[in-house]
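Visitor: Coordinates for the following, if possible.
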Amino acid sequence: MQQGKFTILENAPLTKRVSRLRLLGDCSAVTRPGQFADLRLDGFFLRRPFSVCDAEGDCLTLLYETAGRGTEALRRLPAGTELDVLTGLGNGYDLSRAGSAPLLVGGGTGASPLYGLAKALIAEGKAVSVILGFAGREDVFYEEEFRALGADVTVCTEDGSCGVPGFATAGMDRPYSYFYTCGSKVMMEAVCRAARTDGQLSFAVRMGCGFGACMGCTLRTAAGLKRVCKDGPVFGKEEIMWEDWV
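Guide: Numbering: from 1, shown residues only. Modelled structure (predicted):
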């Protein structure tokens, strides 16, 4: 974990509710895709955690959905604003188990950590397929960014207005060596039940501290209680006990 000052380079809407935040600062603590950053916002006691979308050089990219007062305040911040940021948080995805043709399944802003993951896997020569699930056409984002990396991209929309009709699992009828996913609990449970291989899941939950001190994001797993921020946010498919989910 590393604390530092970052300056907003860009804070731009991608859809009605989702924005891209690009920050200038020291990204050296970000060592694996799937880690997250914790932002301090003026006027709010608790920091806000966001999955790292990309970290290249001294540019940190985060994607976030406006869902409450904190993210509403964040969306109003202009370029040039300085933020206090904790980086290098969480364990990140394990790339060593990907096999030759990994499948990445993201729901909404769950696509964010999968972008950096796809980038890393493609750099290793993997044939990466990506499924992006959204409610409708107006909610779609980062489709072309994944394609630009060289990934095979399928978009699924619940209302059928774009791509494959249905939930993200509608695109999983294909061969793949391993899966990685991030999204809502409902979506990831469906992905696990539909999957034909082992895989890894990244959980986005409410956090108090972001580094394991408060125990506020504790999750019951097959190996006992785990903290999403410290022991995760990435867990193996075999660890999750859906029936004990709170």
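Visitor: Which strand runs longest in the protein?
Guide: strand 2-13 (DSSP state E).
Visitor: next SSE after that strand?
Guide: In the C-terminal direction, the helix or strand that comes right after strand 2-13 (DSSP states H and E) is strand 18-24.
Visitor: May I have the strands that pair with that next one, each with its orientation?
Guide: strand 2-13 (antiparallel), strand 59-65 (antiparallel) (DSSP bridges).
Visitor: Go through the shortest one and flag the buried ones.
Guide: Looking back up the chat, that one is strand 59-65. By 16 or more other C-beta atoms under 10 Å, the buried positions in strand 59-65 come out as Leu60, Thr61, Leu62, Leu63, Tyr64, Glu65. In short, each C-beta sits where N, CA and C put it, glycine included.
Visitor: Beyond the host helix or strand of Asp38, next helix or strand please.
Guide: Taking DSSP H and E as the definition, Asp38 sits inside strand 36-40. As assigned by DSSP H and E, the chain's next helix or strand after strand 36-40 is strand 48-56.
Visitor: re earlier: flag every buried residue along the longest strand of the chain.
Guide: Phe6, Ile8, Leu9, Asn11.
Visitor: Same question for stretch 127-137.
Guide: In stretch 127-137, counting by 16+ other C-beta under 10 Å, buried: Val128, Ser129, Val130, Ile131, Leu132, Gly133, Phe134.
Visitor: Show residues contacting it.
Guide: 100-108, 111, 114, 118, 121-122, 140, 142-143, 146, 149-159, 161-162, 167-168, 171-172, 174, 176, 183, 187 (C-beta atoms under 8 Å, 6 or more residues apart in numbering).
Visitor: So which of these sit within helices?
Guide: Ala111, Leu114, Ala118, Leu121, Ile122, Glu143, Phe146, Leu149, Met187 (DSSP state H).
Visitor: just to revisit the earlier point, any chance of the strands paired with strand 18-24 in TSV, plus distance to Cys27 and mean pLDDT?
Guide: TSV is the format used below for the strands paired with strand 18-24 (distance: least, C-beta to C-beta, whole Å; pLDDT from 0 to 100):
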stretch	distance to Cys27	mean pLDDT
strand 2-13	9	97
strand 59-65	5	98
